[in-house]
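[1] Please find the sequence and the predicted model below.
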Amino acid sequence: MASVFEYAPAPESRAIADIAPSYGLFIDGEFVEAADGKVFKTVSPSTEEVLSEIAQAGSEDVDRAVKAARRAFEKWSALPGAERAKYLFRIARIIQERSRELAVLETLDNGKPIKETRDADLPLVAAHFFYYAGWADKLDHAGYGPNPRPLGVAGQVIPWNFPLLMLAWKIAPALATGNTVVLKPAETTPLSALFFADICRQAGLPKGVVNILPGYGDAGAALIAHPDVNKVAFTGSTAVGKEIARTVAGTRKKVTLELGGKGANIVFDDAPIDQAVEGIVNGIFFNQGQVCCAGSRLLVQESIQEELLDSLKRRLSTLRLGDPLDKNTDIGAINSEEQLTRITSLVEQGEAEGAERWSPACELPESGYWFAPTLFTNVTQAHRIARDEIFGPVLSVLTFRTPDEAVAKANNTPYGLSAGIWTEKGSRILAVANKLRAGVVWSNTFNKFDPTSPFGGYKESGFGREGGRHGLEAYLAPSSPEGER
Amino acid sequence: MPSSALTAAHPLKDVASSDSALRRFLHGLPGVDAVGLEGRAASLGTRSIKTTAKAYAIDLAISMVDLTTLEGADTPGKVRALGAKAVKPDPTDRTTPATAAVCVYPDMVAVAKEAVAGSGVKVASVATAFPAGRAALDVKLADVRDAIAAGADEIDMVIDRGAFLSGRYLKVYDEITAVREACGTSARLKVIFETGELSTYDNIRRASWLGMLAGADFIKTSTGKVAVNATPANTLLMLEAVRDFRAQTGIQVGVKPAGGIRTSKDAIKFLVLVNETAGEDWLDNHWFRFGASSLLNDLLMQRQKLATGRYSGPDYVTVD
């Protein structure tokens, strides 16, 4: 669209991130080839350009990494908390120093706008390490009994939507509590985890404390099933989460799962409309909607439906989609072709089921994986687009008449990760929040994260909490001999 | 662009039929969430404006400046100098656009008018017992008539904040309509709320609607005489108000942030707010102004930098 005030392109320099042509697995402090020599390619979703060739972990590599982590555990867990804290603080500071490089890297590998990696992801990543560094010598006071013990080796599998942030959520509390880690990043976004491996070396972290195994689902499955893994942490799809729960059932492994969601964003008629519109946009178009706690169902009070939708459509028309390295880009690329296919097929089903589809006038780049911000009206609870997690920039709009109806509709989902309430009435915020079955309820805001605040789900959105004091529990056992509470 | 007062038949005309009706209407406007508003303003402040877009924005900002002197110590000589600068902001570069207006006290209007004669630069005057507004309506109207008689093209009026804060909205409304009437067809009316004194964003939204309902051609943040003047957040809020008002009534109203905008970088952030909130219909000095005095020199220095590739210094632009 031609406008009188065109912003000239303002691309961040990609030269800041020096990506090597190939990377190995990070095991016992060294980058090594995969045992069977397999490799895979990681591409930039915005251009389909191959960024690097990565060693692909198999079950033999998983075994090597777990053994390395086990050896490292003896010394690492025996360190005083204050010593472990020093390493974590050092890592946090290096992340801050290298944040511009990491932001560019993450944008290249993931496709999300530099604005988000620079202003949201990286500050939060550093904050998580700082926060859990602070806990390392205060575990006696965390509320899990005197002198709680680490569990051992943590097997962690993370998704592609927030590669570095999910790594921080997993590794920071694990290390603070004295556990060692084998982490498998997603196959489409392995780069920032490998750069993190380099940061561990830069920080002088003892060998084997952190091991990084890029690879596919088979490596993740092998890691979770490995008999010498004591703790399993997974963030990803509900289907895989269920598989993991089956694998782990009957073992003594402790497990936390953070799975899908279909968050309801409830807007009452007395809401601050302009800010609610911003919150809706942030709720569903942040990271192209590839957020497990996205506010993908908008529940709007019938009396203000028209006004709100007009505002929302006008606002969507100002979103800027394109080169994610441009500092003015609001919407970047979809992470992979596979994900784009999934979004496209669900949106087509939405149309087939009779919901009304709307997108702003929006030019999509020719190469790469792109999907225009999309709004569905005339949606009912029975539509698939109101039930299935789309994991893309697609918002389903439903209406309600009374607070009870809003709560009933919001809770009528197999998921329960997040929800939002928009109203100027404080008592209503408290009353409605109490009735919502969701791990996080935001009021008059959305998608706000903080390391001090626990995050996790109900029902098919998983169990266990990450972040905050509660996030320590998943990595600690009480000091009694049997580990009973 | 449509610009006229509400016709007697417009449904919104009724909202000022009584003090209680007006209060009900103003208090029925959607609330403002301060955290969200300031967050949005800050995020628009991170837009990166470079090269051609920056050159465009600097020239646009220069053309939107109401070059202002509002000191007790103002002299005819100072006002003449200001007028000359408004007409030709950078004597070394004739491609520099003129500013929108010069803004002076009523007794200086005649001097200013003469200084900018024939240039298209407007003369604005802060009438209505500026900056406190604490005078009888008759006195304010006399002030306005004085300024208009001396040739003012625009009247910048302060509202009675005391009346507004004590909930006497109709009194404020009546004063604005009276001043609007005194301006007649010869002057456009800018209504100044002194947002720093209204203190809450809800109040600023109510004041904005009150001003527009009463026939303001422009709504303006502040006098520049208090601690908190124009901010990105209060300007964003007022831009939302004019946008919504046009959607409901078809009447377009201008916005003027005033006080505290000193750098090109800040000015460009405000233009981004205009572009992405009210839209490009407002990107024009008929609908958006900067009330500023020191801003212009920074814009000129940035303009010279873009032209030459080098920063000059304060001695390469004129002092007033």
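    Received, thanks.

[2] contacts and neighbour counts: CA atoms only from here.
    OK.

[3] and the closest residue to residue A:111 other than its chain neighbours, how many residues sit next to it?
    Spatially, and ignoring its direct neighbours in sequence, residue A:111 is nearest to residue A:333 (4.8 Å; Cα to Cα, 6 or more residues apart in numbering or on different chains). Other residues within reach of residue A:333 by the criterion other Cα atoms under 10 Å in any protein chain shown amount to 29.

[4] do the same with residue A:254
    Neighbours of residue A:254 using other Cα under 10 Å come to 18.

[5] confidence score at it?
    At residue A:254, the predicted lDDT confidence score is 97.

[6] In contact with the closest residue to it other than its chain neighbours, which residues?
    Excluding its sequence neighbours, the residue lying closest to residue A:254 (Cα to Cα, 6+ apart) is residue A:231, at 4.7 Å. By Cα atoms under 8 Å, 6 or more residues apart in numbering or on different chains, residue A:231 lies in contact with A:151, A:152, A:153, A:154, A:155, A:253, A:254, A:255, A:475.

[7] Could I get the phi/psi values of residue A:231?
    phi -140, psi 130 (degrees, to the nearest 10).

[8] Mean confidence (pLDDT) on stretch A:467-484, please.
    The model assigns stretch A:467-484 a mean pLDDT of 82.

[9] domains for chain A, by residue range?
    Here the domain assignment for chain A is A:14-259+A:462-477, A:264-443, based on the TED database.

[10] among those, which is nearest residue B:35?
    domain A:264-443 (8.8 Å; Cα to Cα).

[11] and the end-to-end length of that closest one?
    12 Å (Cα to Cα, to the nearest Å).

[12] what separates that domain from the chain centre, distance-wise?
    17 Å (Cα atoms, centre = their mean, to the nearest Å).

[13] what do you get for stretch A:135-146?
    26 Å.

[14] Could you tell me the end-to-end distance of that stretch?
    The first-to-last residue distance of stretch A:135-146 comes to 14 Å (Cα to Cα).

[15] who touches that stretch?
    So stretch A:135-146 is contacted by A:80-82, A:84-85, A:147-148, A:176-177, A:469, A:472-473, A:476-479 (Cα under 8 Å, 6+ apart).

[16] ok, and for it, which residues are buried?
    Residues A:135, A:136, A:137, A:139, A:144, A:145 are the ones in stretch A:135-146 that count as buried (16 or more other Cα atoms under 10 Å in any protein chain shown).

[17] Count the neighbours of residue A:222 for me.
    For residue A:222, using other Cα under 10 Å, the count is 18.

[18] pretty sure residue A:469 contacts residue A:454?
    Yes: here residue A:469 reaches residue A:454: they are 7.4 Å apart, a contact under Cα atoms under 8 Å.

[19] Between the two, which has more neighbouring residues?
    Using other Cα under 10 Å as the criterion, residue A:469 and residue A:454 rank with residue A:469 on top: 21 against 18.

[20] Most proximal residue of the stretch 251-400 of chain A with respect to chain B?
    residue A:272 (4.5 Å; Cα to the nearest Cα).

[21] from what I can see that residue touches residue B:31, true?
    Yes: judged on Cα under 8 Å, residue A:272 makes contact with residue B:31 at a distance of 4.5 Å.

[22] circling back to that earlier point, so which of the contacts of residue A:231 wins on neighbours?
    For those, neighbours were counted using other Cα under 10 Å, and residue A:154 has the most, 32 neighbours in all.

[23] how near is residue A:422 to residue A:378?
    21 Å.

[24] These two: which is more packed in?
    Taking neighbours as other Cα under 10 Å, residue A:422 and residue A:378 compare with residue A:422 leading, 29 against 13.

[25] Give me the common contacts of residue A:272 and residue B:31.
    Counting by Cα under 8 Å, 6+ apart, the residues touching both residue A:272 and residue B:31 are residue A:424.

[26] okay, these two: which has more neighbours?
    The neighbour count for residue A:272 versus residue B:31, taken as other Cα under 10 Å, is higher for residue A:272 (23 against 20).

[27] got the contact list for that one?
    A:422, A:423, A:424, B:30, B:31, B:32, B:33.

[28] Make sure the fourth one is actually in contact with residue A:275.
    No: because the distance of 10.0 Å does not satisfy Cα under 8 Å, residue B:30 is recorded as not touching residue A:275.

[29] Regarding the residue of the stretch 101-250 of chain B found nearest chain A, what is its secondary structure?
    The nearest approach of the stretch 101-250 of chain B to chain A comes at residue B:240, 8.0 Å away (Cα to the nearest Cα). Three-state secondary structure (criterion: DSSP: H, G, I helix; E, B strand; the rest coil) places residue B:240 in helix.

[30] And it, how far from residue B:41?
    Residue B:240 is 12 Å from residue B:41, by Cα to Cα.

[31] Of those two, give the one with the bigger neighbour count.
    residue B:41 (21 against 18).

[32] Now name the helix or strand holding that one.
    helix B:34-44 (DSSP states H and E).

[33] Can you list the buried residues in that helix?
    Result for helix B:34-44 [16+ other Cα under 10 Å]: buried residues B:34, B:36, B:37, B:38, B:40, B:41, B:44.

[34] show me the contacts for the nearest residue to the fourth one once chain neighbours are set aside.
    Same thing as residue B:38. Distance criterion Cα to Cα, 6+ apart; nearest residue to residue B:38, sequence neighbours excluded, is residue B:233 at 5.3 Å. With contact set as Cα under 8 Å, 6+ apart, residue B:233 has these partners: B:37, B:38, B:40, B:41.

[35] one more time with 10 Å, if that's ok
    Neighbour list for residue B:233: B:34-42, B:201, B:239, B:270, B:273 [criterion: Cα atoms under 10 Å, 6 or more residues apart in numbering or on different chains].

[36] rewinding a little: surely the residue nearest to residue A:111 and residue A:286 touch.
    No: counting by Cα atoms under 10 Å, residue A:333 stays clear of residue A:286, with 11.6 Å between them.

[37] just to revisit the earlier point, now, which of the contacts of stretch A:135-146 lie within helices?
    Using DSSP state H, the subset of the contacts of stretch A:135-146 located in helices is A:81, A:82, A:84, A:85, A:176, A:472, A:473.

[38] Closest one of these to chain B?
    Nearest member of the ones in helices among the contacts of stretch A:135-146 to chain B, counting by Cα to the nearest Cα, is residue A:472, at 30.2 Å.

[39] Residue numbers of chain B in contact with chain A?
    Counting by Cα under 10 Å from any Cα of the partner chain, chain B comes close to chain A at B:28-40, B:43-44, B:46-54, B:56-57, B:60, B:202, B:237, B:240, B:244, B:271-272, B:275-277, B:279-281, B:283.
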